[in-house]
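Engineer: Show me how the following folds:
(chains A and B)
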There are 2 protein chains.
Amino acid sequence: MNQVIYLRNRPEGRPSLDDFQFVQEKMPEPGSGEILLKTKFVSVDPYLRGRMRDQKSYIEPFKLNEPVESGIIAQVIESNSDDFEVGDHVNGMLQWKEFQTSQGHGLNKVSASTAPLSAYLGILGLTGITAYLGLEKIGKPKKGETLLVSGASGAVGSVVGQIGKIKGCRVIGIAGSDEKIDLIMEKFGFDEGINYKTTDNIQQAIAKACPDGIDVYFDNVGGETLDGAINNINKFGRIINCGAISLYNETETPMGPRHEGTFIKKSVLMQGFTVRDYVKEFGPPMQQLAEWLKNDQLTYSETIVEGFNKIPQAFLDLFDGKNKGKMIVKV
Amino acid sequence: MNQVIYLRNRPEGRPSLDDFQFVQEKMPEPGSGEILLKTKFVSVDPYLRGRMRDQKSYIEPFKLNEPVESGIIAQVIESNSDDFEVGDHVNGMLQWKEFQTSQGHGLNKVSASTAPLSAYLGILGLTGITAYLGLEKIGKPKKGETLLVSGASGAVGSVVGQIGKIKGCRVIGIAGSDEKIDLIMEKFGFDEGINYKTTDNIQQAIAKACPDGIDVYFDNVGGETLDGAINNINKFGRIINCGAISLYNETETPMGPRHEGTFIKKSVLMQGFTVRDYVKEFGPPMQQLAEWLKNDQLTYSETIVEGFNKIPQAFLDLFDGKNKGKMIVKV
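Structural biologist: Just a heads-up that it's a prediction; the model follows:
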């Protein structure tokens, strides 16, 4: 039998295990031109929370009582296709199933000899490209500028900080434990870190860590951290709204201070970033990231959880910040 | 004697006549290389409220017990300078004085034969350039897009709307009386208008007036109108934060809904705009605006109040929306 994970309920507020359902299906068989895939690595990401709502967004919402999907590395175990051979590894948006068939559309072959397979879900995949293009398209960090990153030990944040250092910025990271602060400073080369959980006043903590103000703020969390950054921003500061994990589980409209006045006074630019807007431009960042990785200018963290049945819990753990770097389930 | 207007107090909340003081000074005499100027037209603008606060902004705050300054058209009545002749009209940042001397720095000669003198304070001056460059640098309106403008009957807003029409947009304006709505539709060619004072729910009113959503929002007011616009914005929408007059007199931090989620989902860009950031680029917009004006593609409104002693009241009247278009005091 083939195990499959359905979305059972649209979560209200914080998702729970009850929102998911394990279903046994019969083993799929590849039709003409199709391949049979065995799931190897599953990416769980905060943005999936958005697809669980029944509302328009940049991608369609998940349907109830149908499989969830996310970025997955799978191996071809049967092939009726001329494009794929048994043994090939592929990367694409696939369903939370142990086995599934595909016609191959939207799948990219990846090589286990170039980089560990899981890296294609992180630093060489959408998260790495998000960090790269968010900085390039909106942040435009210049040598000597101050770059602040929230969610700094996360999959995107840790790459943002390292690219900031490559570009010659002073880089400050915000994360939720002393262990994560050690990680971003020791492993990823951030200049300074702020543990927001042991900080009374995030705005003052940012002011102290950024005595020259902030030129670029790469925001993965939203909320009060964003407020604190805006209140420390420099003239011509740039803010990348890449994520707002602090708000994803809110059931009422979150309120906060209005910032129009600061935006006008300081000519601040803020822009929402969704990597899917730039699919035609993925080539150069993928190449650059692979090169930096090869040259040891870039490194990454993963939290790898083992077992297909751990996928929902691994997703839930994102909202407790239990991951360091990319959260991946190895099947 | 020479009448001069000082800033007596830094206003708390809404400014009042008590915050200004009329002082008699002796008649100034131009020194070597200097000119003596007689004030003709005085521009009063919402942004002056910001300079009355003792806080860093894009220009220095006014000092207490010293003259206020703003954009002024003056006539040269004595000249010890080779650059100016008696009878010349000049435009520049000058003090609220009936007469003042100047070395001529920062003054531009203007010609009463090309356009009425007061136009140089409005459509051919900073307000016209603000409309032009705010749209060009941030809004980038494209043919067929929907452009929403708040403060639509004001000095900047009325020009924004007309440029939007020249660019082929559908243009909707928000203003505070039925008379102003008539004005923007009849005189300035807006496609539709929203009287926010007779509207219960600005967000719904915007949704109704913009059935295809908003592509560009030129914001002069901030606050709930900005919220309503953001909640109707299209994917890749652009917001120009040009003014926030609804918040200028607040004494506590105004609160409102957080918009990070919308910014991410819709890839929204929002940027503060201050025309002073672009002083080196004033030439082309001035030329283009003069050409459109000459070709009757552009028109403008002024509210002209007469009398030097009316300057403070004219400034206060801005916060009651008593002006239609540029508010100017003729001396």
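Engineer: which residues in the stretch 101-250 of chain A form helices?
Structural biologist: Here the stretch 101-250 of chain A has its helices, by DSSP state H, counting those that start in this stretch, at A:126-134, A:155-166, A:178-186, A:202-209, A:223-230.
Engineer: ok, residues contacting the first one?
Structural biologist: For helix A:126-134, the surrounding residues in contact (CB atoms under 8 Å, 6 or more residues apart in numbering or on different chains) are A:43, A:45, A:71, A:121-122, A:155-157, A:159-160, A:163, A:218, A:240, A:242, A:273, A:275, A:278, A:281-282, A:285-286, A:288-289, A:326. Yep, even glycine has a C-beta here, placed from its N, CA and C like the rest.
Engineer: about what we covered before: make a markdown table out of the helices of the stretch 101-250 of chain A and add mean neighbour count, distance to A:Glu260 and mean pLDDT.
Structural biologist: Formatted as a markdown table, the helices of the stretch 101-250 of chain A follow (neighbours: other CB atoms under 10 Å in any protein chain shown; distance: least, CB to CB, whole Å; pLDDT from 0 to 100):
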| stretch | mean neighbour count | distance to A:Glu260 | mean pLDDT |
| --- | --- | --- | --- |
| helix A:126-134 | 26 | 23 | 95 |
| helix A:155-166 | 27 | 27 | 96 |
| helix A:178-186 | 18 | 32 | 96 |
| helix A:202-209 | 18 | 18 | 98 |
| helix A:223-230 | 22 | 11 | 97 |
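Engineer: interface residues of the stretch 201-331 of chain A facing chain B?
Structural biologist: Proximity of the stretch 201-331 of chain A to chain B (CB under 8 Å from any CB of the partner chain) is limited to residues A:219, A:222-223, A:226, A:235-236, A:241-244, A:247, A:253-258, A:260-274, A:277.
Engineer: Narrow those to just the buried residues.
Structural biologist: A:219, A:222-223, A:226, A:241-244, A:247, A:254, A:256-258, A:260-274 (16 or more other CB atoms under 10 Å in any protein chain shown).
Engineer: and those, which of them are in strands?
Structural biologist: A:Asp219, A:Asn241, A:Gly256, A:Pro257, A:Leu269, A:Met270, A:Gln271, A:Gly272 (DSSP state E).
Engineer: Wait, the second one touches B:Glu260, no?
Structural biologist: Yes. Between A:Asn241 and B:Glu260 there is a contact under CB atoms under 8 Å: 5.4 Å.
Engineer: Next, show the common contact partners of the two.
Structural biologist: Counting by CB under 8 Å, 6+ apart, the common neighbours of A:Asn241 and B:Glu260 are A:Asp219, A:Gly222, A:Leu226, A:Gly272.
Engineer: The residues you listed: which two are farthest apart?
Structural biologist: A:Leu226 and A:Gly272 (12.2 Å; CB to CB).
Engineer: Enumerate every residue touching A:Tyr300.
Structural biologist: Contacts of A:Tyr300 (CB under 8 Å, 6+ apart): A:Ala119, A:Gly122, A:Ile123, A:Ala155, A:Ser158, A:Val159, A:Leu293, A:Gly325, A:Lys326.
Engineer: which residue packs closest to it, ignoring adjacent ones?
Structural biologist: A:Ile123 (4.4 Å; CB to CB, 6 or more residues apart in numbering or on different chains).
Engineer: now swap in A:Leu64 and tell me
Structural biologist: A:Leu7 (5.9 Å).
Engineer: beta partners for the one you found?
Structural biologist: Note on A:Leu7: beta-bridge partners by DSSP bridges are A:Phe20.
Engineer: show me what contacts it?
Structural biologist: A:Leu7 neighbours (CB under 8 Å, 6+ apart): A:Asp19, A:Phe20, A:Gln21, A:Met52, A:Phe62, A:Lys63, A:Leu64, A:Asn65, A:Glu66, A:Pro67, A:Val68.
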